[in-house]
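A.B. asks: predicted model follows, preceded by the sequence.
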Amino acid sequence: MPAPLAARLSEHLEQGEGIRKLIRVPADHGPLSAEARKSGLWRLTRADQVLAVTDRRLIVGAEAAPEQTLRWLAIPYADVLAWALTESLLYGRVDVCGERSGRLVTASLEFNTVGRWMIEEALFPLQTAVLGIDARPASSRSPDHPDPPGIPMKFVSFLRHELLAGEWPVGIVFEQRRVIRFLGLWRRLARAAQLIATTDFRLLVIREEPGTEEARYGYTAASLPCRRLGDIVVVDTGPSLAVRHGSDVAVLGPPPANGPA
């Protein structure tokens, strides 16, 4: 890790705090495509990013984060309200929401999904601390848990990928995408298709990425711990997934691309 970045990370570590997982996403100064500039994807990769999982806190640093957002967030596990992981082809993103002095604070990190497994492994200590479960991957198939009936296969695949070992939904609701039509000619996506699953440990909301019928490859999976469900709620802000804590609202996942539904 470059010395300046290591120094910034050290500023956010408490005395005696031990790092369990540390991931650095190096800056990528390559040109953004026209589509990326339009959608807002890959903005955080303009500078170095850090994900540090310690024995007591989660630390996220994104040197290229917009001025109006936190570039560094160090949040104790007890104050984590929600987190989300987005995947869309090679684009990946982690969003973390926490509570600080009664306000909602958020931080994000972007990554190439070729290395998604490293991000998932790094988040296991967070999930263990927040959910109270020995977080580890679940088997993709289990004779004790057949596929939920009436759910599109790709959502079943999304769900099985997100569940941890020893975790299974006690309730599932699937909602089709909702499109608003104008004069019978134009369409606007009001809300993407989503699956809402309740387990003994969390509320899991899996929302398909916004897009046309032919271009919906990815999804955002948001986790809200059961013990904090009285403090944070999922809200509808259009195609994107969002949560609210008090009067504060945070969007989980990347900004939606402009264009027709």
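C.D. replies: Thanks, I have it.

A.B. asks: where does residue 4 sit: helix, strand or coil?
C.D. replies: Under DSSP: H, G, I helix; E, B strand; the rest coil, residue 4 falls in the helix class.

A.B. asks: oh, and call the first residue 101 from now on, that's how I've got it
C.D. replies: OK, 101 is where the count begins now, so the last one is residue 104.

A.B. asks: so how far is residue 110 from it?
C.D. replies: 11 Å (CB to CB, to the nearest Å). Any C-beta I mention is one placed from the backbone N, CA and C, and that applies to glycine too.

A.B. asks: over to residue 234?
C.D. replies: Residue 234 is 30 Å from residue 110, by CB to CB.

A.B. asks: so between these two, which is more surrounded?
C.D. replies: residue 234 (11 against 8; other CB atoms under 10 Å).

A.B. asks: would you agree that one falls within a strand?
C.D. replies: No. Assessed with three-state DSSP, residue 234 is coil; it does not lie in a strand.

A.B. asks: right, and it touches residue 301 too?
C.D. replies: No. Counting by CB atoms under 8 Å, residue 234 stays clear of residue 301, with 11.1 Å between them.

A.B. asks: could you export stretch 255-271 as CSV, CA atoms only?
C.D. replies: Extracted in CSV, the C-alpha atoms of stretch 255-271 (Å, rounded to 0.1, in the frame of the first residue of the first chain):
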residue,chain,number,x,y,z
PHE,A,255,-33.6,-14.4,-8.7
VAL,A,256,-33.3,-17.8,-7.1
SER,A,257,-29.7,-17.8,-8.2
PHE,A,258,-29.2,-14.3,-6.8
LEU,A,259,-30.8,-15.4,-3.5
ARG,A,260,-28.7,-18.5,-3.1
HIS,A,261,-25.5,-16.6,-3.8
GLU,A,262,-26.3,-14.1,-1.0
LEU,A,263,-27.4,-16.5,1.7
LEU,A,264,-24.9,-17.6,4.3
ALA,A,265,-24.4,-21.2,5.7
GLY,A,266,-27.2,-21.9,8.1
GLU,A,267,-29.4,-19.2,6.8
TRP,A,268,-32.6,-19.7,4.9
PRO,A,269,-35.7,-17.4,4.3
VAL,A,270,-38.7,-17.8,6.5
GLY,A,271,-40.7,-15.6,4.2
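
A.B. asks: contacting residues around residue 231?
C.D. replies: Contacts for residue 231 (CB atoms under 8 Å, 6 or more residues apart in numbering) come out as 264, 301, 302, 323, 325.

A.B. asks: give the burial count for the closest residue to residue 152 other than its chain neighbours, as a bare number.
C.D. replies: Leaving aside its chain neighbours, residue 152 sits nearest to residue 159 (4.1 Å; criterion: CB to CB, 6 or more residues apart in numbering). For residue 159, the number of neighbouring residues by other CB under 10 Å comes to 21.

A.B. asks: point me to the helix or strand that includes residue 159.
C.D. replies: Here residue 159 sits within strand 157-162, counting by DSSP states H and E.

A.B. asks: just the mean pLDDT for that strand, thanks.
C.D. replies: The average of the pLDDT scores along strand 157-162 is 94.

A.B. asks: put the alpha carbons of stretch 112-127 into PDB.
C.D. replies: Extracted C-alpha coordinates of stretch 112-127, given in PDB (Å, rounded to 0.1, in the frame of the first residue of the first chain):
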ATOM      1  CA  HIS A 112      -8.600   6.200  11.400                       C
ATOM      2  CA  LEU A 113      -7.300   3.200  13.400                       C
ATOM      3  CA  GLU A 114      -7.800   3.200  17.200                       C
ATOM      4  CA  GLN A 115      -5.100   2.200  19.600                       C
ATOM      5  CA  GLY A 116      -4.900  -1.600  19.700                       C
ATOM      6  CA  GLU A 117      -7.300  -2.100  16.900                       C
ATOM      7  CA  GLY A 118      -6.400  -5.100  14.800                       C
ATOM      8  CA  ILE A 119      -7.000  -5.500  11.100                       C
ATOM      9  CA  ARG A 120      -8.600  -8.800  10.000                       C
ATOM     10  CA  LYS A 121      -9.000  -8.100   6.300                       C
ATOM     11  CA  LEU A 122      -7.500  -5.400   4.200                       C
ATOM     12  CA  ILE A 123      -8.200  -4.700   0.500                       C
ATOM     13  CA  ARG A 124      -6.800  -1.900  -1.600                       C
ATOM     14  CA  VAL A 125      -8.400  -1.100  -5.000                       C
ATOM     15  CA  PRO A 126      -5.700   0.800  -6.900                       C
ATOM     16  CA  ALA A 127      -6.700   3.900  -8.900                       C
END
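
A.B. asks: that concludes my questions; thank you for your assistance.
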